[in-house]
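Undergrad: quick one, fold the following:
(one chain, ligands or ions: 1)
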Amino acid sequence: MDLKELKSGLENAHSHEQRVEEIAQFFGSHSLVFGHGTDSAGGEAYWLVRHLQHWNADHWTSPPTHDHIDEILEIAHLRVTERRPLAYLLGRTWFAGLEFNIDRRALIPRSPMAEIIERGFAPWISVGKGNRVLDIGTGSGCLAVSAAHYCPGILVEATDVSPDALELAEENVKKHGFEDYISLIQSDLFDAVCEKYDVIISNPPYVPRARLASLPAEYIEEPAVALDGGSSGLNVVNRILRDADGFLRPGGMLFMEVGEIAQAFSRAHPKLPLTWLEFERGGEGVFMLTREELTGYFRG
Ligand SMILES: C[S@@+](CC[C@H](N)C(=O)[O-])C[C@H]1O[C@@H](n2cnc3c(N)ncnc32)[C@H](O)[C@@H]1O
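TA: I've put the predicted structure just below:
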């Protein structure tokens with residue numbers, strides 16, 4: 001399906017559902033890769049239409065006008081020719097039910113950890129007013145902002161090595177009004193951190209370097225520092241693991257995503273008492289460890 005056919009399909013559609021189907025067909029005929037907030041052509045098409053309608057319910061139910069056709073065509077053209085993820089083209093994305101600014105300064109939020117944060121870390125640990133959470137490698141700030149949103153009153157420190165990512169995270173902290181609750185710190189992992197925390201969360205870079213070059217074009221749009229986990233993928237993961245207990249309070253917990261290298265990670269640490277988390281909305285490769293388990297493993 002080419003752009004001309006999409007244009008005519010959009011002009012002739014009698015409902016927004018039909019428009020979504022036309023866009024989905026266009027995306028579906030261009031070998032795109034999905035996975036930056038949706039997992040299908042239909043999901044992306046719906047997102048595009050609803051975004052242009054500012055997620056307004058009345059716009060969705062009223063008959064389509066020609067209003068957004070040019071914008072749809074322009075974005076759809078860039079999506080298929082440049083293979084840029086839709087979130088970057090729109091400058092906005094959603095995570096844990098919250099809207100975030102997003103651009104190439106940071107990875108597009110998609111961690112399954114959203115589910116744990118939405119539950120306020122239950123049933124693993126109860127956190128509330130005055131508890132401290134550390135987010136290592138905050139990127140857009142999505143985990144930090146969601147934690148502050150779903151656990152009212154907690155204090156979050158969020159680190160990143162990337163000044164660009166921290167700039168974007170600052171925009172998101174302000175967007176959600178958490179300036180008094182979230183501190184952003186430029187730091188190589190724990191280097192510039194001195195508190196003790198009840199919870200440490202991290203979605204660090206964990207893609208094995210050799211895999212980076214073979215990732216679909218959509219992923220190559222993302223900052224390499226957000227993906228590159230060194231030769232085995234485990235470089236940053238292992239550094240966090242080794243030092244985390246020194247930054248946790250007694251009873252504190254580390255939640256870390258290792259995604260597709262979960263098996264390699266388990267093989268590298270066969271005696272580590274990992275608890276792998278399960279997710280209702282899909283996703284895997286997130287484990288949990290207590291401070292005491294970490295200390296027992298590394299210093300026992
Ligand atoms: C996979 S992204 C995760 C971003 C965000 N937390 C999320 O879940 O969408 C990893 C982040 O870790 C940051 N990072 C990489 N190496 C780091 C290091 N040594 N210290 C701190 N942050 C680091 C990257 O800049 C990137 O923002």
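Undergrad: ranges for the strands of the stretch 201-300 of the chain?
TA: 248-257, 275-276, 286-290 (DSSP state E, counting those that start in this stretch).
Undergrad: Gly230 against Ala210, yeah?
TA: No. Contact criterion CB atoms under 8 Å: Gly230 and Ala210 do not qualify, at 10.3 Å. Every C-beta, even on glycine, is put in place using the N, C-alpha and C of the backbone.
Undergrad: tell me where the stretch 1-150 of the chain has helices.
TA: 3-12, 16-28, 41-52, 57-61, 69-82, 86-90, 113-118, 142-150 (DSSP state H, counting those that start in this stretch).
Undergrad: those: which one's closest to the ligand?
TA: Between the ligand and those, the tightest spacing by CB to the nearest ligand atom is seen for helix 142-150, at 4.9 Å.
Undergrad: and the closest one, what does it pack against?
TA: Applying 3 or more CB pairs under 8 Å, 6 or more residues apart in numbering; DSSP states H and E, we find helix 142-150 packed against strand 98-101, helix 113-118, strand 132-136, strand 155-160, helix 163-175, strand 182-186, strand 197-202.
Undergrad: out of the ones you listed, flag the one nearest Glu257.
TA: helix 113-118 (6.0 Å; CB to CB).
Undergrad: how far does that closest one sit from the chain's center?
TA: Relative to the centre of its chain, helix 113-118 is centred 11 Å away, using CA atoms, centre = their mean, to the nearest Å.
Undergrad: flag every buried residue along that helix.
TA: Met113, Ala114, Glu115, Ile116, Ile117, Glu118 (16 or more other CB atoms under 10 Å).
Undergrad: look up how far the ligand lies from the residue nearest to the third one when sequence neighbours are not counted.
TA: Leaving aside its sequence neighbours, Glu115 sits nearest to Phe279 (CB to CB, 6 or more residues apart in numbering; 5.1 Å). Relative to the ligand, Phe279 is positioned 14 Å away (CB to the nearest ligand atom, to the nearest Å).
Undergrad: any idea how many residues pack against Phe279?
TA: A total of 14 residues lie near Phe279 under the criterion other CB atoms under 10 Å.
Undergrad: hang on, the earlier thing: okay, the strands of the stretch 201-300 of the chain in CSV with distance to Ile23 and mean neighbour count next?
TA: CSV is the format used below for the strands of the stretch 201-300 of the chain (distance: least, CB to CB, whole Å; neighbours: other CB atoms under 10 Å):
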stretch, distance to Ile23, mean neighbour count
strand 248-257, 31, 20
strand 275-276, 37, 12
strand 286-290, 32, 21
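Undergrad: out of those, flag the one nearest Val127.
TA: Closest among those, using CB to CB: strand 248-257, at 9.5 Å.
Undergrad: by contact count, what packs against the closest one?
TA: Against strand 248-257 (3+ CB pairs under 8 Å, 6+ apart) you get helix 113-118, strand 197-202, helix 235-243, strand 286-290, helix 291-299.
Undergrad: tell me what angle the second one forms with strand 132-136.
TA: Read it as strand 197-202. Calculated by axes from the mean of the first three to the mean of the last three CA atoms, to 10 degrees, strand 197-202 forms an angle of 20 degrees with strand 132-136.
Undergrad: buried set for strand 197-202?
TA: Those would be Tyr197, Asp198, Val199, Ile200, Ile201, Ser202, for strand 197-202 by 16+ other CB under 10 Å.
Undergrad: what of the last one?
TA: Using 16+ other CB under 10 Å as the burial criterion, the residues of helix 291-299 that qualify are Arg291, Glu292, Glu293, Leu294, Thr295, Tyr297.
Undergrad: now do it, average pLDDT.
TA: Averaging pLDDT along helix 291-299 gives 95.
Undergrad: mind listing residues that contact that helix?
TA: Helix 291-299 is contacted from outside by 241-242, 244-245, 248-254, 269, 271-273, using CB atoms under 8 Å, 6 or more residues apart in numbering.
Undergrad: let's go with 7 Å and repeat that
TA: Helix 291-299 has contacts (CB atoms under 7 Å, 6 or more residues apart in numbering) with Arg242, Ala244, Asp245, Leu248, Pro250, Gly251, Gly252, Leu254, Lys271, Leu272, Pro273.
Undergrad: and it, C-alpha only, in CSV?
TA: This file holds the C-alpha atoms of helix 291-299, laid out as CSV (Å, rounded to 0.1, in the frame of the first residue of the first chain):
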residue,chain,number,x,y,z
ARG,A,291,19.5,-6.5,50.7
GLU,A,292,20.1,-9.6,52.9
GLU,A,293,20.2,-11.9,49.9
LEU,A,294,22.7,-9.7,48.1
THR,A,295,24.9,-9.4,51.2
GLY,A,296,24.8,-13.2,51.7
TYR,A,297,25.8,-13.8,48.1
PHE,A,298,28.5,-11.3,47.8
ARG,A,299,29.8,-11.1,51.3
